[in-house]
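Participant: Next comes the sequence, and after it the predicted model I'd like to discuss.
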Amino acid sequence: MRLVAVVLGLSAVSAFAWGPVVEGGVMVVGVPLVERQRVFSGSTASLGVEFGDRFNHELAVEWIRLVGVNDGPAAAQALAGRYTFSVDFLGKSGFTPTVGVGVSVGRFVAQSPGDSVRGFALAGRALAGVRYTFDFGLSLKALVAVNFYGVQLSVAPTVGVGWQF
């Protein structure tokens with residue numbers, strides 16, 4: 001019975017509250033290369049679609065491009081598919097705080113001179129922020145996302161724009 005209630009709560013979406021979303025921001029993450037841990041910072045961008053009025057489901061494609069910030073040149077990049085479940089406490093009208101969780105799955109490459117790591121990326125995601133939705137459908141978001149790549153942690157403040165039909 002509890003499982004049915006949870007499934008119904010997570011799948012509750014309005015037939016009219018959906019639309020495209022675009023987000024961009026900065027990210028800082030530690031990546032363990034073969035020789036030692038490296039710190040990277042750079043940009044993140046995503047393009048997707050969001051469904052829901054108070055309980056939201058977002059499917060997006062995310063691209064991350066990072067450069068090393070210590071001890072010489074290094075770079076990392078990733079391309080992933082992402083699902084995020086979020087709750088807009090006051091719905092999609094005016095100002096509302098929002099929190100959410102999600103998962104990303106994709107491929108990554110991290111390189112420095114003489115050292116390269118590539119493979120699959122699986123990340124858990126937690127986010128918190130605010131959203132303002134205008135009466136005509138435009139939605140503006142400011143979020144801070146924390147992503148967990150195994151034991152690695154990234155912090156990504158982002159801003160986003162969406163449209164609700």
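Facilitator: Here it is on my side, so go on.
Participant: So in terms of bridging, what pairs with residue 57?
Facilitator: For residue 57, the beta-bridge partners under DSSP bridges are residue 51, residue 85.
Participant: With residue 157 instead?
Facilitator: Bridge pairing for residue 157 - DSSP bridges - gives residue 144.
Participant: Could you report the pLDDT at it?
Facilitator: We have a pLDDT of 91 for residue 157.
Participant: Residue 141: how many residues sit nearby?
Facilitator: The tally of other residues near residue 141 (other C-beta atoms under 10 Å) stands at 22. In this view, the C-beta of every residue, glycine as well, is placed from N, C-alpha and C.
Participant: Let me see the contact set for it.
Facilitator: Contact analysis of residue 141 by C-beta atoms under 8 Å, 6 or more residues apart in numbering lists 21, 23, 98, 129, 130, 131, 158, 159, 160, 161, 162.
Participant: Now for the third one, how many residues are close by?
Facilitator: As a burial measure, residue 98 scores 19 neighbours (other C-beta under 10 Å).
Participant: In which helix or strand does it reside?
Facilitator: In this structure, residue 98 sits in strand 94-112 according to DSSP states H and E.
Participant: who does that strand pair up with?
Facilitator: Strand pairing for strand 94-112, using DSSP bridges, gives strand 75-88 (antiparallel), strand 115-133 (antiparallel).
Participant: and of those, who's closest to residue 51?
Facilitator: strand 75-88 (10.5 Å; C-beta to C-beta).
Participant: Restricting to C-alpha, output that closest one in PDB.
Facilitator: Provided in PDB are the C-alpha atoms of strand 75-88 (Å, rounded to 0.1, in the frame of the first residue of the first chain):
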ATOM      1  CA  ALA A  75      41.000  18.900 -18.600                       C
ATOM      2  CA  ALA A  76      37.800  16.900 -18.100                       C
ATOM      3  CA  GLN A  77      34.500  16.700 -19.900                       C
ATOM      4  CA  ALA A  78      31.400  14.600 -19.600                       C
ATOM      5  CA  LEU A  79      28.100  14.100 -21.500                       C
ATOM      6  CA  ALA A  80      25.200  12.500 -19.600                       C
ATOM      7  CA  GLY A  81      21.500  12.000 -19.500                       C
ATOM      8  CA  ARG A  82      19.900  13.200 -16.300                       C
ATOM      9  CA  TYR A  83      16.600  12.700 -14.500                       C
ATOM     10  CA  THR A  84      15.700  15.000 -11.600                       C
ATOM     11  CA  PHE A  85      12.700  14.900  -9.300                       C
ATOM     12  CA  SER A  86      12.000  18.200  -7.600                       C
ATOM     13  CA  VAL A  87       9.300  19.800  -5.500                       C
ATOM     14  CA  ASP A  88       8.200  23.400  -5.900                       C
END
